[in-house]
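K.L.:
sequence and predicted structure are below.
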Amino acid sequence: MSFIIPVNGIEPAFGNNCFIAPNATIVGDVECGNDCSFWFNAVVRGDVNSIRLGNKVNIQDGAVIHCTYKKTKTILGNNVSIGHNAIVHGCLVHDNVLIGMGAIVMDNCEIGSNSIIAAGAVLTEGTIVPSGCIYAGVPAKKVKDISQELINGEINRIADNYLMYSSWFKK
């Protein structure tokens, strides 16, 4: 059974057609749009500040979404994929973004639309990723501009696939 837990009287709120895996944990001030999915062992902790997710956001297995008490909120736009075991903390992620497996995004980072954060990358506190870029490494740096093929072939494909995968569990 999923752990959906209120904190200080604030309960998580979900849009339409969302999938929550049986062992996902979602607590406190968390609001998401439609067609979102929270996968196995994902943790979304809105206990110390608010977390907002747009439409068609997928939080993959083992990922952690959190923020900093009285300092940073976490806001994820539409069509965002958070890869397996990624940590996304106190930051702003615009629309159409892929954050790769095991990546870490620290407080006060901002990721522009149509961007990819590579698997294992570490965005140190306050990093600003312009729209249309790929960032990789530790600490993460721009490696190139993103092509339309990568937007369609990676960002949109993964978000669409996770919407399809979630439908398998709703039957």
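P.N.:
That came in fine, so what should we check first?

K.L.:
from here on, just use CA atoms for contacts and neighbour counts.
P.N.:
Fine.

K.L.:
spatially central residue for this protein, please.
P.N.:
I82 (4.0 Å; CA atoms, centre = their mean).

K.L.:
so what pLDDT did that one get?
P.N.:
pLDDT for I82: 98.

K.L.:
ok, now A21?
P.N.:
With respect to pLDDT, A21 scores 97.

K.L.:
quick check, the residue nearest to the centre of the chain in contact with A63.
P.N.:
Yes: at 7.1 Å, I82 and A63 qualify as touching, with contact defined as CA atoms under 8 Å.

K.L.:
quick revisit: ramachandran angles for the residue nearest to the centre of the chain?
P.N.:
When read as degrees, to the nearest 10, the backbone of I82 gives phi -110, psi 110.

K.L.:
do the same with K141
P.N.:
phi -140, psi 160.

K.L.:
name the nearest residue to S131, ignoring sequence neighbours.
P.N.:
Spatial nearest neighbour of S131, chain neighbours left out: G112 (4.0 Å); criterion: CA to CA, 6 or more residues apart in numbering.

K.L.:
what's around that neighbour, how many residues?
P.N.:
Neighbour count for G112, taken as other CA atoms under 10 Å: 20.

K.L.:
what sits against it?
P.N.:
93-95, 97, 128-132 (CA atoms under 8 Å, 6 or more residues apart in numbering).

K.L.:
give me the subset of those residues lying in strands.
P.N.:
Among these, DSSP state E puts 93, 97, 128-129 in strands.

K.L.:
can you give me the end-to-end span of stretch 61-74?
P.N.:
Length of stretch 61-74, first residue to last, CA to CA, to the nearest Å: 19 Å.

K.L.:
can you list contacts of that stretch?
P.N.:
38-46, 48-52, 82-92, 107-108.

K.L.:
which SS class is G153?
P.N.:
helix (DSSP: H, G, I helix; E, B strand; the rest coil).

K.L.:
wait, what's in contact with it?
P.N.:
So G153 contacts nothing (CA under 8 Å, 6+ apart).
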